[in-house]
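K.L.:
Structure, please.
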Amino acid sequence: MTTASGCPVTGGSVPLSGPRFQSDPVQLYRDMRRDHGAIAPVVLDGDVPAWLVLGYRELHQVTGDPALFSRDSDLWNQWDRIPDDWPLLPMIGRKQPSILYTVGERHSVRAMMISNALEGVDPFSLKRYAEEFADELIDRFCTKGSVDIIAEYAKLLPALVLARIYGFSDEKAHPLVDAINDMIDGRERALAGQQHLGMSMFQLLADKHREPGDDVASRMLADTGGFTDEEVAQDLMVMMAAGHQPTADWMGNSLRLMLTDDRFAASLSGGRHSVAEAMNEVLWEDTPSQNVAGRWATRDTHIGGRHIRAGDLLILGIAAANGDPQVRTHASALTGGNNAFLSFGHGEHRCPFPAQETAEVIARTGIEVLLDRLPDVDLAVPAEQLTRRPSPWLRGLTDLPVTFTPTPAVGRPGHFGGPA
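P.N.:
Numbering: from 1, shown residues only. From the prediction side, this is the model:
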């Protein structure tokens, strides 16, 4: 049943919030699929209606047809209900000059600019940077015998590496990491963190105009697509935020799996192959990007047995689609390297392949270095006491306390060899 505007009535809709997204999203998505089918009516903060795409085939269709399901948020038929202080505005923005909401040929040119800039990163240098920062962070706690892996390691490593390849000096990278985490945490320092990130990006571009380097920001400025500094700065902000938190959660979720799941317990210290296997399994079972907003219908249409009206918002249920029983017929079985998951999206607005590869190098290197340095790492609390952030959008641990045999710091000289 729908309203005159086409969006689902709130009476039969599922709130896209609540403890089940934190405690048991797998069963929640099963229940929603049972009750509503492949596309479920949901309500966002403030009783704003939308659709959640649960089916793998349907999500593939929505993301693969930009003419019918656009990334242009101006199409939304609910904007007249959205107040200026709506908490989801940072996630569902309007008239933002970033690649997120650019469509058509302009988006293709912009995506190519970003891909080319990231492809220019030397893969050996990227891995070396990840190893160096991983060692630096581990040196801070390796003599103590215990640590919260999330707060002291996973929440820091991706942004440090990204800051270096983007062109920041290491001196500026550490305050930048604090700002990004403040912004993502969404608490009292969120706005200040966002402002610091924005100012840092504009200052980086000013520096690179004067003195270009072998870095992502300089390559983006040198692109011939005619993009303004504001557009490049906005894209760098998106790349930093989208590259940091999901990668940090990928690390944390993979380590949790290796420390708690019997399928990996025997191989925790049994070689690097198990790291790649665990990381792949997480992208199916416990993907960091649970739900993504979104796509907007350009005209009335039908999909998944639902009548979708022009301007309706469809939220991409990445985690639900990955667990679709038509795709995962034996959910408890290991996927064996199958990478048909939708965790990086699909279609022209998917995560650029070079960005995906960068995230994988950072996450895998971070896990491998940690296990090499602390081979007997183990959970400090029972697995059932581990908690998740209360978010339906990104799934990650609030903390991951571990213990290990204290080891000496490596203290490599010349550790901070990043760009000036």
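K.L.:
what about dumping the CA coordinates of stretch 280-289 to PDB?
P.N.:
This file holds the C-alpha atoms of stretch 280-289, laid out as PDB (Å, rounded to 0.1, in the frame of the first residue of the first chain):
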ATOM      1  CA  ASN A 280      36.400 -12.100   1.700                       C
ATOM      2  CA  GLU A 281      34.000 -13.800   4.100                       C
ATOM      3  CA  VAL A 282      33.400 -10.600   5.900                       C
ATOM      4  CA  LEU A 283      32.300  -8.900   2.700                       C
ATOM      5  CA  TRP A 284      29.600 -11.500   2.400                       C
ATOM      6  CA  GLU A 285      28.600 -12.000   6.000                       C
ATOM      7  CA  ASP A 286      29.400  -8.900   7.900                       C
ATOM      8  CA  THR A 287      30.100  -6.200   5.300                       C
ATOM      9  CA  PRO A 288      30.900  -2.700   6.700                       C
ATOM     10  CA  SER A 289      28.600  -0.900   4.200                       C
END
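K.L.:
Number the residues from 829 up from this point.
P.N.:
Renumbered: residue one is now 829, and that last one reads stretch 1108-1117.
K.L.:
Contacts made by the lowest-mean-pLDDT helix or strand in the chain with the rest, please.
P.N.:
Across the helices and strands of the chain, mean pLDDT, DSSP states H and E gives its lowest value to helix 1090-1093, namely a mean of 71. Helix 1090-1093 is contacted from outside by Leu1085, Met1086, Leu1087, Ser1102, Glu1105, Ala1106, Leu1162, using CB atoms under 8 Å, 6 or more residues apart in numbering. All C-beta atoms are positioned from the backbone trio N, CA, C, and that covers glycine.
K.L.:
center of this protein, which residue is that?
P.N.:
Nearest to the mean C-alpha position of the chain, counting by CA atoms, centre = their mean, stands Pro1074 at 3.0 Å.
K.L.:
Assign a three-state SS to that one, would you?
P.N.:
helix (DSSP: H, G, I helix; E, B strand; the rest coil).
K.L.:
so what's it scoring on pLDDT?
P.N.:
Here the pLDDT value assigned to Pro1074 is 91.
K.L.:
One more: Gln1031?
P.N.:
96.
K.L.:
Point out where the stretch 829-978 of the chain drops to low pLDDT.
P.N.:
Across the stretch 829-978 of the chain, the ranges flagged by pLDDT under 70 are 829-839, 928.
K.L.:
Sorry, slip of the keys, the one I care about is the stretch 1129-1248 of the chain.
P.N.:
Looking at the stretch 1129-1248 of the chain by pLDDT under 70, you get 1156-1170, 1173-1175, 1177-1178, 1240-1248.
K.L.:
how about the helices in the stretch 879-1028 of the chain?
P.N.:
Here the stretch 879-1028 of the chain has its helices, by DSSP state H, counting those that start in this stretch, at 884-891, 932-947, 951-967, 977, 985-994, 998-1013, 1018-1038.
K.L.:
what's the angle between the third one and helix 985-994?
P.N.:
Counting by axes from the mean of the first three to the mean of the last three CA atoms, to 10 degrees, helix 951-967 points 140 degrees away from the direction of helix 985-994.
K.L.:
And stretch 922-940, what's buried?
P.N.:
Residues Pro925, Ser926, Ile927, Leu928, Tyr929, Thr930, Val931, His935, Arg938, Ala939 are the ones in stretch 922-940 that count as buried (16 or more other CB atoms under 10 Å).
K.L.:
Mind putting those residues into JSON lines with distance to Gly1239?
P.N.:
Supplementary listing: the buried residues of stretch 922-940 in JSON lines, determined by distance: CB to CB, whole Å:
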{"residue": "Pro925", "distance to Gly1239": "44"}
{"residue": "Ser926", "distance to Gly1239": "40"}
{"residue": "Ile927", "distance to Gly1239": "40"}
{"residue": "Leu928", "distance to Gly1239": "41"}
{"residue": "Tyr929", "distance to Gly1239": "46"}
{"residue": "Thr930", "distance to Gly1239": "45"}
{"residue": "Val931", "distance to Gly1239": "50"}
{"residue": "His935", "distance to Gly1239": "46"}
{"residue": "Arg938", "distance to Gly1239": "42"}
{"residue": "Ala939", "distance to Gly1239": "41"}
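K.L.:
I'd like to know which of those residues is nearest to Ala1001.
P.N.:
Distance to Ala1001, by CB to CB, is smallest for Ser926 among those, at 21.8 Å.
K.L.:
name the element the nearest residue to that closest one once chain neighbours are set aside belongs to?
P.N.:
Sequence neighbours aside, Gln1062 is the residue nearest to Ser926 in space, at 3.9 Å (criterion: CB to CB, 6 or more residues apart in numbering). Assignment of secondary structure by DSSP states H and E places Gln1062 within helix 1057-1088.
K.L.:
how about the following helix or strand past the least confident helix or strand of the chain: buried residues?
P.N.:
Counting by DSSP H and E, the next helix or strand C-terminal to helix 1090-1093 is helix 1101-1113. Across helix 1101-1113, burial judged by 16+ other CB under 10 Å covers Ser1102, Val1103, Glu1105, Ala1106, Met1107, Asn1108, Glu1109, Val1110, Leu1111, Trp1112, Glu1113.
K.L.:
immediately after helix 1101-1113, which helix or strand?
P.N.:
strand 1119-1125.
K.L.:
So which elements touch the next helix or strand after that next one?
P.N.:
Next along the chain after strand 1119-1125, taking DSSP H and E as the criterion, comes strand 1129-1131. When contacts are defined as 3 or more CB pairs under 8 Å, 6 or more residues apart in numbering; DSSP states H and E, strand 1129-1131 sits against helix 884-891.
K.L.:
Packing partners of the helix it packs on?
P.N.:
On a contact count with 3+ CB pairs under 8 Å, 6+ apart, helix 884-891 meets strand 1129-1131, strand 1141-1145, helix 1146-1150.
K.L.:
Which of these sits closest to Asp912?
P.N.:
strand 1141-1145 (18.6 Å).
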